[in-house]
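Colleague: Dropping the sequence and predicted coords here.
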Amino acid sequence: MLGQARDAWKPTNASLYLWVSDVDATYHKALEAGASSQSAPGDQPYGHRNAGVVDVSGITWWIGSPVA
């Protein structure tokens with residue numbers, strides 16, 4: 001997924017979107033490994049559950065999966 005910096009989305013080093021089987025577990029593992037929270041896990045109106053973290057290198061990881 002590619003995007004452009006604008007409005008509320010400021011430029012970053014990189015932003016990656018990763019599909020996982022368990023958003024909550026992956027989010028908590030990332031925090032335990034030293035990442036900071038960008039957004040807590042939550043169900044989205046477009047049918048996905050996702051969360052965001054920023055790793056120690058400044059890279060944003062969006063963690064998501066479809067809601068079953």
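Modeller: Perfect, thanks for sending it. No experiment lies behind these values; they were computed from the predicted model shown. Numbering: from 1, shown residues only.
Colleague: What residues sit buried inside stretch 56-65?
Modeller: In terms of neighbour count (16 or more other CB atoms under 10 Å), stretch 56-65 has its buried residues at 60-65. All C-beta spots, glycine's among them, are computed from the backbone N, C-alpha and C.
Colleague: Give me the contacts around it.
Modeller: 12-23, 26-27, 30, 34-35, 38, 41, 48-55 (CB atoms under 8 Å, 6 or more residues apart in numbering).
Colleague: again, 7 Å this time
Modeller: Contacts to stretch 56-65, defined as CB atoms under 7 Å, 6 or more residues apart in numbering, come from residues 12-21, 23, 26-27, 30, 34, 38, 48-55.
Colleague: The residue positioned nearest the centre of the chain: which element?
Modeller: Closest residue to the average C-alpha location of the chain: W62 at 1.9 Å, with CA atoms, centre = their mean. Assigned by DSSP states H and E, W62 belongs to strand 60-66.
Colleague: G3 belongs to a helix?
Modeller: No - if the criterion is DSSP: H, G, I helix; E, B strand; the rest coil, then G3 is coil and not within a helix.
Colleague: residue contacts, it?
Modeller: With CB under 7 Å, 6+ apart, G3 has these contacts: W9.
Colleague: Tell me where the protein has helices.
Modeller: Ranges of helices in the chain, per DSSP state H, are 23-32.
Colleague: Is the residue nearest to the centre of the chain bridged to anything, and to what?
Modeller: Counting by DSSP bridges, W62 forms beta bridges with Y17, G52.
Colleague: Would you mind measuring from it to S15?
Modeller: 7 Å (CB to CB, to the nearest Å).
Colleague: Surely D55 touches A35?
Modeller: Yes - the pair D55 / A35 is scored as a contact, 4.9 Å apart, by CB atoms under 7 Å.
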